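Student: structural data only, the sequence is not supplied:
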């Protein structure tokens, strides 16, 4: 460990994906207690409500709330100050006696949705994913539509059905297309979308756009997202106004929000963009995030989507989202869209993995295309941290329950 | 007045669109005071926070909040009980001395957004509107897409940019299509959509659908909506995931929410539906609402859209919205989609009024297609009430400001 990253006195923290270089925030419960804000270190959760109540960390009471929203609203100088103070508490042994009683084993807590979602926007910013979808649904035509390289395509999803990792997902019912017209029943093409979500802390006023350069002033951090999708419902309903019930039944997010401050070593040059983008979409530096995702289907790794080469960067997505004057609110969540790399073992959806359901894959010895009842999907990710460390992002997992 | 509808002692209430047969709810401020819940009667606002504080009406404190949400969450028996009590207070002269000090002239208050919007969904349920859009954008092809008569097409909009009537609307900027590729600048095709919105009070759990028959258990009431739309931005961005920035800059709602209880005499048989709808979309009785809208462009009436013959009813929209197991939250708002009748002077958008911008209309002596800076659009509506009375719904108005 270099001087810039002192070691933690917390047993097991150093060398794990949850050392003091990471410190993701979440909301936890112990038994029937009220939800409390905590930060993860090693296999423990530091009770920040308790820490603020004991004046060990000061955030104007924002850490004594049942969600992260009040803390998210504080803004970057306070986010960084609180992070610095937590780092001090967890590294300086003189604080050990005061802090140790506030540490709870992570396997003794139940995690809650970390923040109240204001608006949820879903982008579509992986060129590989968008091209694959084009090839599957419009064979013989140019895989990307004419607008795709001019703007980050996106749409609004349902904020009220964003659920925390671990929440079961009931198979949705709806109208599914057939050659004889639509039939009603459970989705037969239930899929995942492995995505990365960005959590907005600082709001912006209506009528004023947010510049790409102001990304880090507004965005607090990152969560993994599984944007569950019913491909049959979506295929029948989506013209002309886009996805609706094919997506709105559930969107899972990780329980732990990784602050941007922990990802300083994960920023990498974004991909070249041709044609040149409109002025409002220019971000300098033009940077993506080197997050390495992994998709596990019933525990079996089936794909490793790379986030680093997403065509549109999160700063560009933010600039686009607000260029029409749309305001931001604390708790807004925008997701990247399905993360897919160039290879079949790097795709972020089973639509692509099974090539539209035509090429089954072997999972646990059985042939699969889309999700069966009882299946569990877990998305994990790592990111490079300082001094050769690695961050383990909070995973997002969910199990499919039969239709009601 | 029949016995069922006693006259109010409030001067000017009887015979107005805001008699005791109506009693819409809103949130008002006087000067710098905190926002308070009120109900409109004649040209006065009854301060319900004051009434609850004085024990004149009991709602568990829900009327002493800065938005209607807590009241909306109470459910139909309490909504009706509070309405009955307010009716009693405003009709029985023995209450006059206690109530009169709580009445504020409506022109001395400033109205706020009446409820905090949870999720905002926009449907597309007028057959005339959808057909007109098809004819304008896909001439020579069937005007309705194959799915349109099988399900109420809808999508999620931006809840955070729902604003109260009277809020100015800044002309959005964005990418507009041209033969040489997209150009950036202010929308040149800024439009309105005259709609009717439904306000959800009682939530529903994730994974369970809401039956059409349970519409009145969940939906509290109705607001007029103007879903401002930038047609050029929308045209370029909307494939394949639907409208995004072309809609998300502002959606205006009326300041007054008309309870369903006030609309009992406005329900009328819905239109015949062919082909027959899926079981989950069957509503018995199959009823629309006889709301008669009017669109005023700079004060000049340009259209009178009839709501009664909307193809999909609000109960069907609710059943569809939740059939995949999506939960409802208090404050969810779903809008009907643009209300258009069969005639050109009954359309709810200027896209249709000017037939895609090709047939200018005369407004105040000038030729117009889409909105100019400084233009004001006001949408009003009436509905039949009991005993031959008429309700005047709260209007929704907004003025266009130049792009920033």
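Tutor: Now that the structure is in, tell me what you want to look at. None of these values were measured; they are calculated from a predicted model. Residues are numbered from 1 along each chain as shown, chains lettered A, B, ... in the order given.

Student: just for chain A, where's the confidence low?
Tutor: A:1-5 (pLDDT under 70).

Student: measure the residue of the stretch 151-300 of chain A found nearest chain B to residue A:272 for me?
Tutor: Chain B sits closest to residue A:242 of the stretch 151-300 of chain A, with a gap of 2.1 Å, by Cβ to the nearest Cβ. Quick note: C-beta positions are derived from backbone N, CA and C, even for glycine. Distance of residue A:242 to residue A:272, computed by Cβ to Cβ, to the nearest Å: 29 Å.

Student: neighbour count winner among the two?
Tutor: residue A:242 (27 against 8; other Cβ atoms under 10 Å in any protein chain shown).

Student: need the contact list for the residue nearest to the more buried one when sequence neighbours are not counted.
Tutor: Excluding its sequence neighbours, the residue lying closest to residue A:242 (Cβ to Cβ, 6 or more residues apart in numbering or on different chains) is residue B:242, at 2.1 Å. Residue B:242 makes contact with A:155, A:238, A:240-243, B:155, according to Cβ atoms under 8 Å, 6 or more residues apart in numbering or on different chains.

Student: 6 Å instead, please
Tutor: A:155, A:241-242, B:155 (Cβ atoms under 6 Å, 6 or more residues apart in numbering or on different chains).

Student: which residues in the stretch 51-200 of chain A form helices?
Tutor: Applying DSSP state H, counting those that start in this stretch to the stretch 51-200 of chain A gives helices spanning A:69-72, A:76-91, A:96-99, A:127-137.

Student: return the most buried member of those helices.
Tutor: Mean neighbour count, computed with mean count of other Cβ atoms under 10 Å in any protein chain shown, is highest for helix A:69-72 among these, reaching a mean of 22.

Student: circling back: the residue nearest to residue A:242: which element?
Tutor: Using DSSP states H and E, residue B:242 falls within no helix or strand.

Student: quick revisit: most widely separated two among the contacts of residue B:242?
Tutor: A:155 and A:241 (9.0 Å; Cβ to Cβ).

Student: which non-adjacent residue is nearest residue A:176?
Tutor: residue A:232 (4.1 Å).

Student: my guess is that neighbour is in a helix, correct?
Tutor: Yes - membership of residue A:232 in a helix is supported by DSSP: H, G, I helix; E, B strand; the rest coil.

Student: correct me if wrong: it contacts residue A:178.
Tutor: No - assessed by Cβ atoms under 6 Å, residue A:232 is found out of contact with residue A:178, at 9.2 Å.

Student: hang on, the earlier thing: between the contacts of residue B:242, which sits nearest residue A:257?
Tutor: residue A:155 (23.1 Å).

Student: from chain B, how far off is residue A:384?
Tutor: Distance, residue A:384 to chain B, using Cβ to the nearest Cβ, to the nearest Å: 32 Å.

Student: count the neighbours of that residue for me.
Tutor: A total of 19 residues lie near residue A:384 under the criterion other Cβ under 10 Å.

Student: contact partners for it?
Tutor: Shown in contact with residue A:384 (Cβ under 6 Å, 6+ apart): A:265-266, A:290.
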